[in-house]
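K.L.:
Here is a sequence with its predicted model. Questions after.
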Amino acid sequence: MKISILQMPVAFARPDENIQTLRRMVEASMREEPDVLVLPELWRLGFYPQPIAVHADLDGQQSRAVLAELARKNGVNIVGGTVANRREGKVYNSCYIFDRTGTEVASYNKAHLFSPSGESADFAAGDNAVTFRLDGVLCGIAVCYDVRFPEFIRKLALEDISVLFLPAAWPASRLSHWQILTRARAIENQLYVIAANEAGTDEQGNHLAGHSAILDPWGETIAEAGEGEAILTAHLRPGLRQHIRETLNVYADRRPELY
């Protein structure tokens, strides 16, 4: 499986401009012939304009239509980062996933909301862990702050996923946490972590970290971006995860009766 992360420079509260950036970057990325494209968190708006309910995409309709079109047109799977999605009087931080035909195969509402920034007051939390298949590979999805909850990622890992997709809007001030946490989740769960961060600034003018990365099940960095706009592409090696689990089978040594 060949993965391309689109580390988008997101224009704050300008969805039409961000959609144009997305189209441009998708077109450029297809020169690498990836199997999966991965977008960052809240790519349509940035993190995030107030009041979010006014700016949110009603039932994700615009975002889903654009992502489905791009998937179908290019014959590529898309893990669509997240968008602010207004539905039934609530706003969710939602990820939509599409296969090569442009069919929506899964969606996920961010479960852990970042209370220090007020996200938990502005968004409704999701209440499901979500797995899905792309080209036959079982994958899981988590978003940004979710990575700080190892029990949540382990729940996905215990469903035998091979790849964890992690869209984010992570600030530069905590770059070291981003790098340590993504690597730890890869190592302890023995799976690929596809960490797709945003470039640009958030509502308070805080610089976003960039440094999207593709990590293998040993926790080794296959590819890593810098701070600005980037298309990051790498192959995931078939069989590596199984080899690692046969060599160092931490799952066989678990003692769930203790925790």
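P.N.:
Here it is on my side, so go on. Residues are numbered from 1 along each chain as shown.

K.L.:
thinking I3 is in contact with V38, fair?
P.N.:
Yes: I3 sits in contact with V38 when judged by CB atoms under 8 Å, with a separation of 6.5 Å. For the C-beta atoms, the positions are set from N, CA and C on the backbone; glycine is no exception.

K.L.:
shared neighbours of those two, anything?
P.N.:
Common neighbours of I3 and V38 (criterion: CB atoms under 8 Å, 6 or more residues apart in numbering): I194.

K.L.:
the strands in the stretch 101-250 of the chain, which residues?
P.N.:
Along the stretch 101-250 of the chain, the segments classed as strands by DSSP state E, counting those that start in this stretch run 104-109, 131-134, 137-141, 163-167, 192-196, 199-200, 213-215, 221-224, 230-235.

K.L.:
so which of these gets nearest P34?
P.N.:
For P34, the closest of these is strand 230-235, at 6.1 Å, according to CB to CB.

K.L.:
Can you give the strand pairings for the closest one, parallel or anti for each?
P.N.:
When pairs are called by DSSP bridges, strand 230-235 turns out to pair with strand 2-7 (antiparallel).

K.L.:
quick check: angle from the partner strand to strand 192-196?
P.N.:
Angle, strand 2-7 to strand 192-196, by axes from the mean of the first three to the mean of the last three CA atoms, to 10 degrees: 30 degrees.

K.L.:
and strand 2-7, average pLDDT?
P.N.:
Here strand 2-7 scores 98 as its mean pLDDT.

K.L.:
where's the next helix or strand after it relative to the chain centroid, distance-wise?
P.N.:
Sequence-wise, the next helix or strand downstream of strand 2-7 (DSSP states H and E) is strand 9-10. Remark: strand 9-10 is offset 15 Å from the chain centroid, using CA atoms, centre = their mean, to the nearest Å.

K.L.:
Now do A213: how many residues are near it, please.
P.N.:
25 (other CB atoms under 10 Å).

K.L.:
sorry, back to before: redo the strands of the stretch 101-250 of the chain as JSON lines? Include distance to T182 and mean pLDDT.
P.N.:
Below are the strands of the stretch 101-250 of the chain laid out as JSON lines (distance: least, CB to CB, whole Å; pLDDT from 0 to 100):
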{"stretch": "strand 104-109", "distance to T182": "18", "mean pLDDT": "98"}
{"stretch": "strand 131-134", "distance to T182": "19", "mean pLDDT": "98"}
{"stretch": "strand 137-141", "distance to T182": "14", "mean pLDDT": "98"}
{"stretch": "strand 163-167", "distance to T182": "7", "mean pLDDT": "98"}
{"stretch": "strand 192-196", "distance to T182": "4", "mean pLDDT": "98"}
{"stretch": "strand 199-200", "distance to T182": "17", "mean pLDDT": "89"}
{"stretch": "strand 213-215", "distance to T182": "6", "mean pLDDT": "98"}
{"stretch": "strand 221-224", "distance to T182": "9", "mean pLDDT": "98"}
{"stretch": "strand 230-235", "distance to T182": "13", "mean pLDDT": "98"}
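
K.L.:
Relative to S29, which of those strands is closest?
P.N.:
Comparing the strands of the stretch 101-250 of the chain by CB to CB, strand 230-235 comes nearest, at 4.9 Å.

K.L.:
hey, C-alpha coordinates of the closest one in CSV?
P.N.:
The C-alpha trace of strand 230-235 is given here as CSV (Å, rounded to 0.1, in the frame of the first residue of the first chain):
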residue,chain,number,x,y,z
ALA,A,230,4.1,19.1,1.7
ILE,A,231,3.1,15.9,0.0
LEU,A,232,4.6,13.0,1.9
THR,A,233,4.6,9.6,0.2
ALA,A,234,5.8,6.2,1.3
HIS,A,235,5.2,2.5,0.7
